[in-house]
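Engineer: sharing a sequence plus its predicted fold:
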4 protein chains.
Amino acid sequence: MNITLAQARQVVAGALAAGRAASYKPLTVVVLDSGGHVVAVEREDGASTKRFEIAHAKAHGAVALGLGSRALMARAEQQPYFIAAVTQTVGALVPVPGGVLVRDADGGLLGAVGVTGDTSDHDELAALAGIEAAGLVGQPD
Amino acid sequence: MNITLAQARQVVAGALAAGRAASYKPLTVVVLDSGGHVVAVEREDGASTKRFEIAHAKAHGAVALGLGSRALMARAEQQPYFIAAVTQTVGALVPVPGGVLVRDADGGLLGAVGVTGDTSDHDELAALAGIEAAGLVGQPD
Amino acid sequence: MNITLAQARQVVAGALAAGRAASYKPLTVVVLDSGGHVVAVEREDGASTKRFEIAHAKAHGAVALGLGSRALMARAEQQPYFIAAVTQTVGALVPVPGGVLVRDADGGLLGAVGVTGDTSDHDELAALAGIEAAGLVGQPD
Amino acid sequence: MNITLAQARQVVAGALAAGRAASYKPLTVVVLDSGGHVVAVEREDGASTKRFEIAHAKAHGAVALGLGSRALMARAEQQPYFIAAVTQTVGALVPVPGGVLVRDADGGLLGAVGVTGDTSDHDELAALAGIEAAGLVGQPD
């Protein structure tokens, strides 16, 4: 199972709407499918240059290890060498909140969303709002 | 000057609409700003896994060298070692049609669009259709 | 918007003049545009071999994340694993003072300056002096 | 022995002046010392994003192998696999004209200049003009 482009568009629109409603700084939203491949991206005007890469790495780490990036932060605080080593092994992985797994109502994995631009906690709230707007279930940790 | 997210959305929608109207295979569209950074992406359902990377590399090569990817194909046919060397130097660069520079009415560079999924010629037609839909000017070579 | 070569030359000359006036060790100054691409560089005689790379990484990190490198140092002290992960994701990034965003009078981002060679605090002072010499506004954090 | 910053500035100014006099497209000039390390760079307004990287790779290949990049082009045409393999081994190396070794009057190696932006032949002419303007001797092959 994979998130569809139609669902991914709803996630992006919902996350950006939440960010605008809360007056967050410019956000970037990346939606990956369950294989970790890019489905949809939007980067708001005024975001810094490498925000795609950071949002992508939050979502990519979540899919790669099967955990939201908040759980990866906990692991990074306990065992920084583990996260450093896994990054070398699996590629870019940013272990702070804002990378959220996306599941259907039955718990099936559809993909992941990565958000960056404001604080990590706010990034995660925007990601969850986008997933909810698409009628799907978010797993942040 | 940079393409805005609002313009990039029009490019994406216009390129995908052109692809559906012409019954192309599933397309992936990547829009970069004039610094080569991702602004918007959509990958249609049924596209193969790495289509983001290919569309990105078409657009990235165009911005990096200041030429549409059709011109880079001509160079690759004359001096394949040049394109190989430049790829090592500037990063991913796919030298076949489908990477198109985006300019405003005065010729100012706003960014680039990369499309992949069907034949390279069809990919380029979809990119040009998207740029036109946004009221901008495409440079394919 | 991007810093021009004429402005970048003023930044470089101003930063090096400040370093000579204060008897700093040999400095290297790198000016990037708002997309993170090199516009001008000078490395003084007697500087060690890899000073371009270090100055570049200070400026590149600033543009990539939209913060002066002093702010990235603060983040590195709080969450070293975050900076390590982002480095893997966005490329070279040296999170100590000396990487300063360059803005115009209206706050528009024009690029960034990276300076290295003396202490990080002195490097930052030289960067700020160069930006001021060009009539522009520096953001060190 | 190494080229000095004062000499490198003369090379850059001379190369850009030659390009303007001949109405070349925007040029980028990179000067490396005899150890292959960056001394001075200028990228003219309107040059595409990755021109530093290309000019650098022309000069870097020249220093790395002790031959002007025109000689590396000849080798690439005879043995493309050699240039591909060396690129993997020594890093970026663009084997087309425009990378010129810089020597003093006695033949001592001082560094190299890389120029890109117009045709490779024109790039080389600009590099040679810059080296001559500094009172030094260029070796293009």
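Structural biologist: Received the coordinates, thanks. Residues are numbered from 1 along each chain as shown, chains lettered A, B, ... in the order given.
Engineer: can we go C-alpha only for contacts and neighbour counts from here?
Structural biologist: Fine.
Engineer: count residues in the vicinity of A:Leu67, would you?
Structural biologist: By the criterion of other CA atoms under 10 Å in any protein chain shown, A:Leu67 has 19 neighbours.
Engineer: name the element A:Val29 belongs to?
Structural biologist: In the assignment (DSSP states H and E), A:Val29 maps to strand A:28-33.
Engineer: now do A:Leu101
Structural biologist: strand A:99-103.
Engineer: over to A:Lys58?
Structural biologist: Assigned by DSSP H and E, A:Lys58 falls in helix A:51-65.
Engineer: that older thread, and the angle from the next helix or strand after the strand holding A:Leu101 to strand A:99-103?
Structural biologist: The helix or strand immediately downstream of strand A:99-103 is strand A:109-116, counting by DSSP H and E. Angle between the axes of strand A:109-116 and strand A:99-103 is 150 degrees (criterion: axes from the mean of the first three to the mean of the last three CA atoms, to 10 degrees).
Engineer: off-centre distance for strand A:109-116?
Structural biologist: Taking the mean of its C-alpha atoms, strand A:109-116 sits 4 Å from the chain's own mean (CA atoms, centre = their mean, to the nearest Å).
Engineer: now the next helix or strand along the chain from it: buried residues?
Structural biologist: Remark: after strand A:109-116, the chain's next helix or strand is helix A:120-133, criterion DSSP H and E. By 16 or more other CA atoms under 10 Å in any protein chain shown, the buried positions in helix A:120-133 come out as A:120, A:122-133.
Engineer: turn those residues into a markdown table, including pLDDT.
Structural biologist: Shown next, in a markdown table, are the buried residues of helix A:120-133 (pLDDT from 0 to 100):
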| residue | pLDDT |
| --- | --- |
| A:Ser120 | 98 |
| A:His122 | 98 |
| A:Asp123 | 98 |
| A:Glu124 | 98 |
| A:Leu125 | 98 |
| A:Ala126 | 98 |
| A:Ala127 | 98 |
| A:Leu128 | 98 |
| A:Ala129 | 98 |
| A:Gly130 | 98 |
| A:Ile131 | 98 |
| A:Glu132 | 98 |
| A:Ala133 | 98 |
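Engineer: list just the nearest of those residues to chain C.
Structural biologist: Proximity of those to chain C (CA to the nearest CA) peaks at A:Ser120, which lies at 11.0 Å.
Engineer: that closest one touches A:Val94, doesn't it?
Structural biologist: No. Using CA atoms under 8 Å, A:Ser120 makes no contact with A:Val94, being 10.8 Å away.
Engineer: shared neighbours of the two, anything?
Structural biologist: With contacts taken as CA atoms under 8 Å, 6 or more residues apart in numbering or on different chains, A:Ser120 and A:Val94 have no neighbour in common.
Engineer: who's in contact with A:Val100?
Structural biologist: By CA under 8 Å, 6+ apart, the neighbours of A:Val100 are A:59, A:62, A:67-69, A:112-114, A:124, A:127-128, A:138-141.
Engineer: try it again at 7 Å.
Structural biologist: A:Ala59, A:Ala62, A:Gly68, A:Ser69, A:Ala112, A:Val113, A:Gly114, A:Ala127, A:Gly138, A:Gln139, A:Pro140 (CA atoms under 7 Å, 6 or more residues apart in numbering or on different chains).
Engineer: how far away is the first one from chain B?
Structural biologist: Right, the one you point to is A:Ala59. Distance of A:Ala59 to chain B, computed by CA to the nearest CA, to the nearest Å: 15 Å.
Engineer: gap between that residue and C:Asp106?
Structural biologist: 35 Å (CA to CA, to the nearest Å).
Engineer: pLDDT at the residue nearest to A:Asp104 when sequence neighbours are not counted, what is it?
Structural biologist: Among residues not flanking A:Asp104 along the chain, A:Leu136 sits closest, at 5.4 Å (CA to CA, 6 or more residues apart in numbering or on different chains). Looking at A:Leu136, its pLDDT stands at 98.
Engineer: is A:Leu136 in contact with A:Asp106, as I believe?
Structural biologist: No. Under the criterion of CA atoms under 7 Å, A:Leu136 is not in contact with A:Asp106, lying 10.0 Å apart.
Engineer: next to chain C, which bits of chain A? Give me the list.
Structural biologist: Residues of chain A lying near chain C by CA under 7 Å from any CA of the partner chain: A:Ser48, A:Thr49, A:Lys50, A:Glu53, A:Ile54, A:Ala57, A:Ala76, A:Pro80, A:Ala92, A:Leu93, A:Val94, A:Pro95.
Engineer: measure how buried the residue nearest to A:Asp104 is and give me the count.
Structural biologist: So A:Leu136, with other CA under 10 Å, has 20 neighbours.
Engineer: contact partners for it?
Structural biologist: Per CA under 7 Å, 6+ apart, neighbours of A:Leu136: A:Val102, A:Arg103, A:Asp104, A:Ala105.
Engineer: list phi and psi for A:Arg43.
Structural biologist: Phi and psi for A:Arg43, reported as degrees, to the nearest 10, are phi -120, psi 120.
Engineer: against chain C, how distant is it?
Structural biologist: For A:Arg43, the distance to chain C equals 13 Å [CA to the nearest CA].
Engineer: without its sequence neighbours, what residue ends up closest to A:Ile83?
Structural biologist: Spatially, and ignoring its direct neighbours in sequence, A:Ile83 is nearest to A:Ala76 (5.7 Å; CA to CA, 6+ apart).
Engineer: name the element the one you found belongs to?
Structural biologist: Assigned by DSSP H and E, A:Ala76 belongs to helix A:69-78.
Engineer: what's the first helix or strand after that helix?
Structural biologist: Using DSSP H and E, the helix or strand that follows helix A:69-78 towards the C-terminus is helix A:80-90.
Engineer: re the thing from before, got the buried residues of helix A:120-133 as a markdown table, with distance to chain B columns?
Structural biologist: Formatted as a markdown table, these follow (distance: CA to the nearest CA, whole Å):
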| residue | distance to chain B |
| --- | --- |
| A:Ser120 | 21 |
| A:His122 | 21 |
| A:Asp123 | 18 |
| A:Glu124 | 20 |
| A:Leu125 | 21 |
| A:Ala126 | 18 |
| A:Ala127 | 17 |
| A:Leu128 | 20 |
| A:Ala129 | 20 |
| A:Gly130 | 16 |
| A:Ile131 | 17 |
| A:Glu132 | 20 |
| A:Ala133 | 18 |
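Engineer: can you pick out the most distant pair from the residues you listed?
Structural biologist: The most widely separated members of these, counting by CA to CA, are A:Ser120 and A:Ala133 (20.0 Å).
Engineer: so which bits of the least confident helix or strand in chain A by mean pLDDT are buried?
Structural biologist: Counting by mean pLDDT, DSSP states H and E, the weakest-scoring helix or strand in chain A turns out to be helix A:80-90, with a mean of 90. Neighbour-count burial for helix A:80-90, counted by 16+ other CA under 10 Å, picks out A:Pro80, A:Ile83, A:Ala84, A:Thr87.
Engineer: endpoints of stretch A:42-49, how far apart?
Structural biologist: Start-to-end span of stretch A:42-49 (CA to CA) is 13 Å.
Engineer: name the residues that touch it?
Structural biologist: Counting by CA under 7 Å, 6+ apart, stretch A:42-49 makes contact with A:26-30, A:52, A:117, B:4-5, B:37, B:39-41, C:35, C:63-66, all of which sit outside it.
Engineer: report the central residue of chain A.
Structural biologist: By CA atoms, centre = their mean, chain A has its centre lying nearest to A:Gly114, at 1.8 Å.
Engineer: now that one: how far from chain B?
Structural biologist: For A:Gly114, the distance to chain B equals 14 Å [CA to the nearest CA].
Engineer: low pLDDT regions in chain A?
Structural biologist: Across chain A, nothing is flagged by pLDDT under 70.
Engineer: can I get the buried residues of helix A:80-90 in TSV with distance to A:Ala18?
Structural biologist: What follows is the buried residues of helix A:80-90, written out as TSV (distance: CA to CA, whole Å):
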residue	distance to A:Ala18
A:Pro80	32
A:Ile83	30
A:Ala84	32
A:Thr87	30
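Engineer: closest to chain B out of those residues?
Structural biologist: A:Thr87 (19.6 Å).
Engineer: which residues touch that closest one?
Structural biologist: With contacts defined as CA under 7 Å, 6+ apart, A:Thr87 is in contact with A:Leu93.
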